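> could you work out the structure for the sequence below:
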Amino acid sequence: MKTVIMNFSGVYPEEDFYRQKAGDYEMVDFTHAEGVNCYCTSEAEQEIKERIRAYGPCGIHFLDSGNYHYLSKFWMEMIDTPFSLLLFDNHTDMQESAFFGLLSCGSWVREAMLSNPLLKSVCIIGPKEADFQRDIPSKQVTWVSAEDLQEGRLQKLREFLEGESCPLYLSVDKDILRGRDAVTNWDQGGMKLDCLLGLIEEAAAARKCIGGDICGENPPESGFCENRELHINSQTNERLKEVMAKVMVNSTNNSNSYQKD
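Got it, this is the predicted structure:
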């Protein structure tokens, strides 16, 4: 199963995390797509879905910068069994769409919950408590705030993981990480990469993982192209991919079903 790299901004050819194992990756070029940056038009949505349909939802998908995090919704729509979303992000991505109802990088979680009957629950880790109080409208959502993380309060995550047996879809926006571990085009949190990897492993020990995605690149349009920043993001992408691939393999060993044994 190949890891899919969705190249919208042109940043991935500047990175090298996939080059030594290029045969494990497939890069899909969307650099000429229109109506896709931050917001996604219905025409663009149809085109994107047609081009990724053959890959299916399993495995790992790189989504470019956080401007394209709404792509997670498209991957999740291919899941054919009840599932939960576990999202690591510095933002809730649950705002109401503000631009003629178009799907956006800031509204995709809310839209997925409203439109996908197989998405049974959501846990969001990373945003500030005030953001949750403003954006979260549903009891379906469990949250672990930045303040909770700083104080080591993870009980809500563990209750979420233990409360159901349906599998997880993992989504990571690197803007949850401190600047030493990622360079993004959005404001960032303060989580250490090792902490993030540990939480992914803890989640996968509790529930099977169907698939997952990673976004949070810093696109060329934001005005950066320093080798140091590219190197930081490449290293983090490589480590995230290794851990996510490992937990997904472990989740599917000796099982013909998404469901937890």
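> what comes up buried for the helix or strand harbouring Leu230?
Using DSSP states H and E, Leu230 falls within helix 227-252. Using 16 or more other Cβ atoms under 10 Å as the burial criterion, the residues of helix 227-252 that qualify are 229-230, 232-241, 243-245, 247-248, 251-252. Where C-beta positions appear, they are placed from N, C-alpha and C, glycine not excepted.
> show the subsequent helix or strand relative to the least confident helix or strand in the chain by mean pLDDT.
For the chain, counting by mean pLDDT, DSSP states H and E, helix 129-135 ranks last in confidence among helices and strands (a mean of 84). Where DSSP H and E defines the elements, the next helix or strand beyond helix 129-135 is strand 141-144.
> other SSEs contacting that next one?
Applying 3 or more Cβ pairs under 8 Å, 6 or more residues apart in numbering; DSSP states H and E, we find strand 141-144 packed against strand 119-125, helix 155-163.
> pipe the ones you listed into JSON lines and attach mean neighbour count per row.
Conversion of those to JSON lines gives the following (neighbours: other Cβ atoms under 10 Å):
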{"stretch": "strand 119-125", "mean neighbour count": "22"}
{"stretch": "helix 155-163", "mean neighbour count": "15"}
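> out of the ones you listed, flag the one nearest Cys195.
Of all the helices and strands packed on strand 141-144, strand 119-125 sits nearest to Cys195, with 10.3 Å by Cβ to Cβ.
> contact partners of that closest one?
The contact list for strand 119-125, computed with Cβ atoms under 8 Å, 6 or more residues apart in numbering, reads 76, 82-89, 92-94, 109, 112-113, 132, 140-144, 149, 156-157, 160-161, 163-164, 166, 176, 199.
> next one: it to chain centre, how far?
12 Å (Cα atoms, centre = their mean, to the nearest Å).
> report the strands that pair with that strand, each with its relative direction.
Applying DSSP bridges, strand 119-125 is found paired with strand 83-88 (parallel), strand 141-144 (parallel).
> least confident of those, on average?
Lowest mean pLDDT of those: strand 141-144, a mean of 93.
> any idea which helix or strand comes after it?
Next element after strand 141-144 (DSSP H and E): helix 146-151.
> using PDB, list the CA coordinates for that following helix.
The C-alpha trace of helix 146-151 is given here as PDB (Å, rounded to 0.1, in the frame of the first residue of the first chain):
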ATOM      1  CA  ALA A 146      -3.700  23.000  24.900                       C
ATOM      2  CA  GLU A 147      -4.100  23.800  28.600                       C
ATOM      3  CA  ASP A 148      -5.000  20.200  29.300                       C
ATOM      4  CA  LEU A 149      -1.900  19.100  27.500                       C
ATOM      5  CA  GLN A 150       0.300  21.500  29.400                       C
ATOM      6  CA  GLU A 151      -1.000  20.100  32.700                       C
END
